[in-house]
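Engineer: Just need the structure, nothing else, for what follows:
(2 chains, ligands or ions: 3)
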Amino acid sequence: MKSGPLGLDPELLNACVSCGLCLPHCPTFRVTGLEIASPRGRIAAMNAVETGMAPLKRPFIDAMAECVQCLGCETACPSGVRFGRLMEDSRATIAHRSGLRALLSRAFGAIAYRRLLPNQHVLHLLSWVLLVAQRMRVMPKRFRSSVPRLTRHRLRRTLNVTVGGNPDVWLFTGCVMDAWLQKTHVATAAALRSTGVRIARPDSRAGCCGALAAHAGRRDIARSLAKSVVAAMPGAAPIIVNSAGCGAALKDYGHLLGDADAERFAARVFDISEWLVAQTASPLATEARTSIVIQDPCHLRNVQRTHDSVRLLLGGAFALLETNDDGMCCGAGGGYAANQPDLSTKITKRKAKALRDAGASTDVAVCSSNPGCTFALEAAGFKVVHPAELYADCIAPDRGEPRNG
Amino acid sequence: MLAPRFNTRESERARAEPLELSLYSRDAGLANGQAGAVCFPRDASDVAFAVATCKKLGVPFVARGSGTGLAGGATPLDDALVIVTTQMNRVISIDAASRTAWVEPGLLNLDLTRAAQPYGLHYAPDPSSQQACSIGGNVATNAGGPHCLSSGSTTAHVLAVEAVLPNGEVAMLGSTAPDQPGFDLRGIFVGSEGMLGIATKVLVKLVPNPPQIQTMLLDFMSIDEAAATVSAIIAAGIMPAALEMMDSRITAAVEDFVGAGYPRDAAAVLLVEVDGLSGGVDHQASLITEIGRAHGAREVRLARSESERQLLWKGRKSAFGAIARIAPDYYLHDAVVPRSKLVGVLRTIYEIADSHDLTMMNVFHAGDGNLHPLIVFDRRVIGVWERVQAAGTEILERCLAAGGVLSGEHGIGLEKRAMMAQFFSEADLELQARVADALDPHGLANPGKVLPAGFRCGEVGINRTLPEGTWI
Ligand SMILES: Cc1cc2nc3c(=O)[nH]c(=O)nc-3n(C[C@H](O)[C@H](O)[C@H](O)COP(=O)(O)OP(=O)(O)OC[C@H]3O[C@@H](n4cnc5c(N)ncnc54)[C@H](O)[C@@H]3O)c2cc1C
Ligand code: SF4
Ligand code: SF4
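Structural biologist: Ligands and ions are numbered 1, 2, ... in the order given. Model (predicted):
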C-alpha cells in the first residue's frame, strides 16, 4: 500500500485496531471526552486524510495541534502503535504545506527554534526582558505557565564545570534548563562528581537538543541542531541529561539523523537518575524520611521509560507518594502550554488534583525532572524539586546550594 | 437536517463537521455506519432534549459510551444522531454503609473501582476493557469479565437505572429495595443495547475487597489438557473468582507487550484466581494445583506479590489489543458452550479455521465456557473476508449445536443480529420485538440492532440491511 498526502507509513497506521484501550490515558480525551481529541480518533483522522476521505485542512490540522505528544497512548497500546512517529510525521507534513498561516508559523519557528533557544546569550537577554515583564505584570497570559517566576537569583549563573575537553562523562546543559534551572545543573554536577568522575559540559554548539522543533514538525531545524549537539560531545563518554524531554530527544537522534554515528551517540545518552542508579552500589538510606510526591514526566515515562529509576534512586531516603492517575500528563508539553492554553490549563488542573490527592502540599514537594512540567506545576502552586537535587542534598547535606529561588 | 438543530446549542455539546462525524461511524468492532450528528449531553435533561428532538424529526438516535463495543452496537445507521455520554462521567455519590453508588453513565468502569478504593470496596464486573469502557455501555451490553465467574455479570450488580425512554420521558427503573414489587423493568433494560432508551444514572452495587487473593498461572503443552483442567476444577466443586484461558499465539502476543513472564512455548495457559479468607484460599489453591498437575500442567506459578498479580492480569486484559502484533484485523465471536463440551468444541474450532486456511486464536473466560475464538487476518488480502465470514458462521453453528448460546457478554449489536434467528424461535424474537415496540413505537432508538430484520414494526422505511461494503 502507498502512503497518501501525509506520507505516513501504512503499516504503522494499520496497527491500530480501534480497541479504545488508550482513551483513558490520553489527557486531551480525558478533559474533553471528544473522539477527535483521542489517540484512536487522531489515528482515524490521519487515516481519513491519507485515504482522501478528508482534506488536509482544519479541523484535521487543529486535531493534530491539540495533541500534547505525551505518548501516554503509546505506553497504553497493546498493539504497539507507534503514535509518536505518526504524529511527528503528520506534523512535519503540516508544517511544510503552503499558505499564509503555515508561512507565518514557519517564520516563527525559525526564529524561536533556530535563533533563540540554542543561543545562550540571546536566551539570557530575553530572560531579563521576561523578568521585567513579570514585575510590571505585562506577561501575556498564555506564557504564564511556561515561564517560571524569574528572579535575579534564578538567573544567576552558578554552574562551575569545565567546557569541552575529554571528560569521563558529559553533562548536557541544554537551553531552558541552563537559563532557568541552574540549581538543578549544580546539583547534577555534584551528584555526578560524587561518583568520582571528571565531568565537562559541551560548548555552545550544544545549545539546544531540538526537541521542540521536532515536535512542531520542523525536522529540518531539529536535524541541524542535533548535528551540532553531536559534534559538541565527541568521544565515547556517557552523556548525562537531567531534562526528561532533552534526554528523550537525544536518545532519538539515531532515528532523526538516520546514520550510524547518530545511533552510537544515542546509545551514550542516559537520564541522570538512570545513570546514578546504575553507578551507585548503595542506594540512599537515611533516618528522616521526608515525603515527596513523584510526578513522572511523560518523556521519562512514555518515551525513555526509565521512570522507575527515580524511585530506585530516592526510595531509600524518601517516603515516595504516588498519584492515582496512571502517570497522566501534566499538560505542559514543551510549547503546548503556550500554543493550546485552554486545553493545557484543563489538563494541569486535573494533574494538580491528582498530586494534591497523593499528598502534595505547601510542605510536601513534587519531584519532577522536566523543565516544562516544573514550570507548569510551580505556576499551579506546587513546590517542585528535581531528583538530582534531592539526591545531592542527601549525599552532601551542606553543599550550600540554594534549593529554591 | 439534524446538524443545524444541534449546532444551536453550544458547539461543545454538538458537532456535525464531516471529519468528526466519521470518527463516530464505528466502535471497536468491524462494522461501519454513518452518523448524522453527534452530541455530548451533560445531564439527563440534555439527553431528553436530544431524544425529543429526534422523535419530532423522526431521526434515529444511538447512545455511545466509550465505543469499545465489539458487536457494532454503537454504530450509527441511517444518519442517526449519536448521543455520547463521555461528558456525563461523575460519581454522584457513594454510600459505603449500604455498599452502593450512584454514577453517571459515561463514568469509566475502572474509575468507579478507583473511587470505591478508599472505602475498601470495588465494582465487581471487570470486562477486559475495564480501563476504557463506560458503565452505561456495560449496562447496555450486560458486560461480563473474568471476575464475573463467581459474582455474575453486570445485571447482578445494577440495582436501578434512570433512563430517558425513546419518547423523551425520564423514568426510574428498579430501586434501592432489594426485592421490588412489580415487573423487573431494570432487568429488561440491562442488556438492551440502547434500544429501550438511554441510561442517564445508574445505581450499582459495590463489594468489599477480599481479604486474601491468590492468582495462579498454569501452563500446558496441549490445549486439550488445559480445557480438561477447566472442566475438572469446576467438577470438583471449586468456584474460582476467575478462570481464564489463552492459547499459545495469544500468550506470545501479550507477553511481547507486558513482559509478565508468560511462557511463550506453552500450548495454552490458564490464569486462575481464588479469593476469600486465607485458610480457604490456600486450600483451594493447592487443590487447583493438584488437579492441574493431574491433567498435565507443566508448571504452576503462584503470583507472589500484588504487582506480579497485576502484571499477569494486564497481560490477559490486553489480549484483544495485542492481536495487531500478529495481523491488523480480527473477527471475534463470543459464544458460550457448556463447560463439559469445552475440549471437543475447541478442537473443532481450530479445525474449522485450518480448513479455511485462517489463523485462529483463543482467549476466553474458560470458567463459564464463554469462548472468544478470534480469527486474525489482513483485510487487504483479496478474498480473505469471505473466508473469515464462512469460518465464523461454521464456528458459531458448532457452538450452538453443542448446546451453546450466541453471545456471552459482548452483545448482538449489528454484527450478530442475523444469527439471532438460528438461536431463538420465531415466537421468542417476536416477544422481544414487542417489548421494544412498546417502549419505542417509532423504532428510533438504535434501530437495526439485535433483532433480525423484519421483526420490528417501526422498521419500515429504515435501511434494514448493512449497506454495501459496510463491514470493512
Ligand atoms: C480489548 C477489549 C476487551 C473487551 N473485553 C470485554 C469483556 O471481557 N467482557 C465484555 O463484556 N465486553 C468486553 N469488551 C466489549 C466492550 O468493552 C463492552 O461491550 C462494553 O460494555 C462497552 O462499553 P462502551 O462504553 O464502550 O459502550 P459502547 O461501545 O459505546 O456501546 C455499547 C452499546 O451500549 C449502548 N450504550 C452505551 N451507553 C449507553 C447508555 N448510557 N444507555 C443505553 N445504551 C448505551 C450503545 O448504544 C451500544 O449498543 C471488550 C472490548 C475490547 C475492545
Ligand atoms: S492506538 Fe492502540 S490502544 Fe488505541 S485504539 Fe489503537 S490499537 Fe487500541
Ligand atoms: S500523545 Fe498524548 S495527547 Fe497525543 S493522542 Fe497520545 S495520549 Fe493523547
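
Engineer: which ones are touching the closest residue to ligand 3 within the stretch 101-250 of chain B?
Structural biologist: Nearest residue of the stretch 101-250 of chain B to ligand 3, counting by Cβ to the nearest ligand atom: residue B:132, 12.7 Å away. The C-beta positions use only the backbone N, C-alpha and C, and glycine is treated the same way. Counting by Cβ atoms under 8 Å, 6 or more residues apart in numbering or on different chains, residue B:132 touches A:19-24, B:66, B:68, B:108.

Engineer: repeat for residue A:194
Structural biologist: Residues in contact with residue A:194 (Cβ under 8 Å, 6+ apart) are A:392, A:395-396.

Engineer: pLDDT score assigned to it?
Structural biologist: Confidence at residue A:194, expressed as pLDDT, is 90.

Engineer: and if you look at the one 5 residues further on?
Structural biologist: Residue-level confidence at residue A:199 comes out at 95, pLDDT.

Engineer: ok, residue B:201 to residue B:155 distance?
Structural biologist: Residue B:201 sits 17 Å away from residue B:155, going by Cβ to Cβ, to the nearest Å.

Engineer: same deal with residue B:15?
Structural biologist: Remark: distance between residue B:15 and residue B:155 (Cβ to Cβ) = 33 Å.

Engineer: So for those two, which sits in the more crowded spot?
Structural biologist: Higher neighbour count among residue B:15 and residue B:155: residue B:15, with 25 against 18, using other Cβ atoms under 10 Å in any protein chain shown.

Engineer: check contacts around the more buried one.
Structural biologist: Neighbouring residues of residue B:15 by Cβ under 8 Å, 6+ apart: A:34, B:6, B:21, B:37-40.

Engineer: All the strands of chain A, residue numbers only.
Structural biologist: Using DSSP state E, the strands found in chain A span residues A:162-163, A:169-172, A:199-201, A:239-241, A:269-271, A:290-294, A:318-321, A:365-367, A:384-385.

Engineer: The ones you listed into JSON lines, with extra columns for mean neighbour count?
Structural biologist: Shown next, in JSON lines, are the strands of chain A (neighbours: other Cβ atoms under 10 Å in any protein chain shown):
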{"stretch": "strand A:162-163", "mean neighbour count": "11"}
{"stretch": "strand A:169-172", "mean neighbour count": "24"}
{"stretch": "strand A:199-201", "mean neighbour count": "20"}
{"stretch": "strand A:239-241", "mean neighbour count": "26"}
{"stretch": "strand A:269-271", "mean neighbour count": "26"}
{"stretch": "strand A:290-294", "mean neighbour count": "19"}
{"stretch": "strand A:318-321", "mean neighbour count": "18"}
{"stretch": "strand A:365-367", "mean neighbour count": "24"}
{"stretch": "strand A:384-385", "mean neighbour count": "22"}
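
Engineer: looking at those strands, which is closest to ligand 1?
Structural biologist: Nearest of these (Cβ to the nearest ligand atom): strand A:290-294, 29.0 Å.

Engineer: Sheet-wise, list the partners of the closest one with their directions.
Structural biologist: Sheet pairing of strand A:290-294 (DSSP bridges) gives strand A:318-321 (parallel), strand A:365-367 (parallel).

Engineer: Ok, which of these comes nearest ligand 3?
Structural biologist: Among these, strand A:365-367 comes nearest to ligand 3, with 20.3 Å by Cβ to the nearest ligand atom.

Engineer: Any idea how far the closest one is from the middle of the chain?
Structural biologist: Relative to its parent chain, strand A:365-367 has a centroid offset of 17 Å by Cα atoms, centre = their mean, to the nearest Å.

Engineer: Assign a three-state SS to residue B:102, would you?
Structural biologist: Put simply, residue B:102 is strand when judged by DSSP: H, G, I helix; E, B strand; the rest coil.

Engineer: In the beta-sheet assignment, what are the partners of it?
Structural biologist: residue B:93, residue B:203.

Engineer: Might you report the residue contacts of it?
Structural biologist: B:91-93, B:201-203.

Engineer: Kindly tell me how buried the residue of the stretch 201-350 of chain A found nearest ligand 1 is, as a neighbour count.
Structural biologist: In the stretch 201-350 of chain A, no residue comes nearer to ligand 1 than residue A:326, which is 16.7 Å away by Cβ to the nearest ligand atom. Burial of residue A:326 is recorded as 16 neighbouring residues (other Cβ under 10 Å).

Engineer: again, but for residue A:111
Structural biologist: Other residues close to residue A:111 by other Cβ under 10 Å number 11.

Engineer: on that earlier part again, out of the contacts of residue A:194, which are buried?
Structural biologist: Buried residues within the contacts of residue A:194, counting neighbours by 16 or more other Cβ atoms under 10 Å in any protein chain shown: A:392, A:395.

Engineer: Using TSV, please lay out the contacts of residue A:194 together with distance to ligand 2 and pLDDT.
Structural biologist: Putting those into TSV (distance: Cβ to the nearest ligand atom, whole Å; pLDDT from 0 to 100) gives the following:
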residue	distance to ligand 2	pLDDT
A:392	39	90
A:395	42	84
A:396	45	76
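
Engineer: for chain A, what are the nearby residues on the stretch 1-150 of chain B?
Structural biologist: Residues of the stretch 1-150 of chain B found near chain A (Cβ under 8 Å from any Cβ of the partner chain) are B:15, B:17-20, B:22-24, B:26-28, B:40, B:66-68, B:84, B:86-87, B:89, B:106, B:108, B:110-111, B:114, B:117, B:129, B:131-133.
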